[in-house]
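K.L.:
the following block contains a protein sequence and its predicted model.
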Amino acid sequence: MSRQTTAADGRESWPKLPRRPPARRRPRLLAIRAPIPRPARWVLMVLSVAVTLGLWQVASLLIDGRPDFLPSPGQAVRAGVDLAVSGQLGTDVWATVNRVLRGFGLAVLVSVPLGLAMGSFRAVAAGLEPVIGLLRYLPASAFIPLLIIWLGLGEPSKVALLFIGTVFFNTLMTADVVRLVPGELIDVSYTLGARRGEVLRKVVVPHALPGMIDAIRVNAAAAWNFVVVAELIASESGLGYRIVRAQRFNQIDRIFAVLMVIALIGLLIDLLLRLLRDRVGRWA
């Protein structure tokens, strides 16, 4: 068949496309980004914790349940109860929480205004982002010798380590959230007669507030990592101090008990920040 004849025939001369088999129906739970019923979500959440504890129990049984190597969940819970009854756990929890509140709280007070300014004004971003981008790659633990020399072995050096470890990341994450505010909203606000301060206060901050809280959620976990590192050095109280003390006497069950306490406190903080985000950012 010639090229002219093929062109004149039109679509009838085209080869047929291969037929794909009809798509199989997938379970709703496996659909991409599809909402799931609340009971199913709770079941999956409970199962995730139960499976983890079950694997922990099995691993402990495989090595004869030695509490000096890998204690079972029950042994770790009993060690935590002993610490709580003796009063040591309450003292250590308060010491660690107090350090996190001061160090990470100060980082939030500094990073949120800086991130808001960097995300709103390109001149501020051009002046600060290169420096902050460099500083965030410096490991906070590398500052420990300097902080001990400058601030001593007391509380100021621990609070400063928390501040250094979280302030730069929270600043950049806040700035990224502020940059996501649609430019159309800002243009409409100026068109309606709003001034710069009013645009920041009534448009930019409300729109970016849920994202700011999410950034704080992420960096709160980093703050807990750094506070344990800070308490490993020359401390007399705190959850990190309790871990080091238990390691000296080979009390592995107490180490796991403290780790469980840290996980529960972190989960509680995350839930509270989620509730705060949903409460103050219902429009988002």
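P.N.:
That came in fine, so what should we check first? Numbers count the residues shown, from 1 in each chain.
K.L.:
helices of the protein, residue ranges please.
P.N.:
3-9, 38-62, 73-86, 88-120, 122-135, 144-151, 155-179, 183-191, 196-199, 205-231, 239-248, 252-280 (DSSP state H).
K.L.:
between the ones you listed, which one is nearest to residue 17?
P.N.:
Ranking the helices of the chain by their distance to residue 17 (criterion: CB to CB) puts helix 3-9 first, at 17.0 Å. C-betas here are computed from N, CA, C, even on glycine.
K.L.:
could I get the helices of the chain as TSV with mean neighbour count and distance to residue 30?
P.N.:
Shown next, in TSV, are the helices of the chain (neighbours: other CB atoms under 10 Å; distance: least, CB to CB, whole Å):
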stretch	mean neighbour count	distance to residue 30
helix 3-9	9	45
helix 38-62	11	12
helix 73-86	16	30
helix 88-120	19	37
helix 122-135	13	39
helix 144-151	14	47
helix 155-179	22	31
helix 183-191	12	36
helix 196-199	13	43
helix 205-231	20	26
helix 239-248	19	39
helix 252-280	16	25
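K.L.:
just put those helices in a markdown table and tack on mean pLDDT.
P.N.:
Formatted as a markdown table, the helices of the chain follow (pLDDT from 0 to 100):
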| stretch | mean pLDDT |
| --- | --- |
| helix 3-9 | 50 |
| helix 38-62 | 89 |
| helix 73-86 | 93 |
| helix 88-120 | 95 |
| helix 122-135 | 94 |
| helix 144-151 | 90 |
| helix 155-179 | 95 |
| helix 183-191 | 90 |
| helix 196-199 | 92 |
| helix 205-231 | 92 |
| helix 239-248 | 91 |
| helix 252-280 | 92 |
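K.L.:
redo those as JSON lines? Include distance to residue 22.
P.N.:
Formatted as JSON lines, the helices of the chain follow (distance: least, CB to CB, whole Å):
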{"stretch": "helix 3-9", "distance to residue 22": "30"}
{"stretch": "helix 38-62", "distance to residue 22": "27"}
{"stretch": "helix 73-86", "distance to residue 22": "47"}
{"stretch": "helix 88-120", "distance to residue 22": "48"}
{"stretch": "helix 122-135", "distance to residue 22": "51"}
{"stretch": "helix 144-151", "distance to residue 22": "62"}
{"stretch": "helix 155-179", "distance to residue 22": "43"}
{"stretch": "helix 183-191", "distance to residue 22": "42"}
{"stretch": "helix 196-199", "distance to residue 22": "52"}
{"stretch": "helix 205-231", "distance to residue 22": "40"}
{"stretch": "helix 239-248", "distance to residue 22": "57"}
{"stretch": "helix 252-280", "distance to residue 22": "40"}
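K.L.:
between the ones you listed, which one is closest to residue 16.
P.N.:
helix 3-9 (14.0 Å).
K.L.:
ok, the closest residue in space to residue 228 that isn't next to it in sequence - contacts?
P.N.:
Counting by CB to CB, 6 or more residues apart in numbering, residue 240 is the residue found nearest to residue 228 once chain neighbours are left out, at 3.9 Å. By CB atoms under 8 Å, 6 or more residues apart in numbering, the residues touching residue 240 are 96, 227-232.
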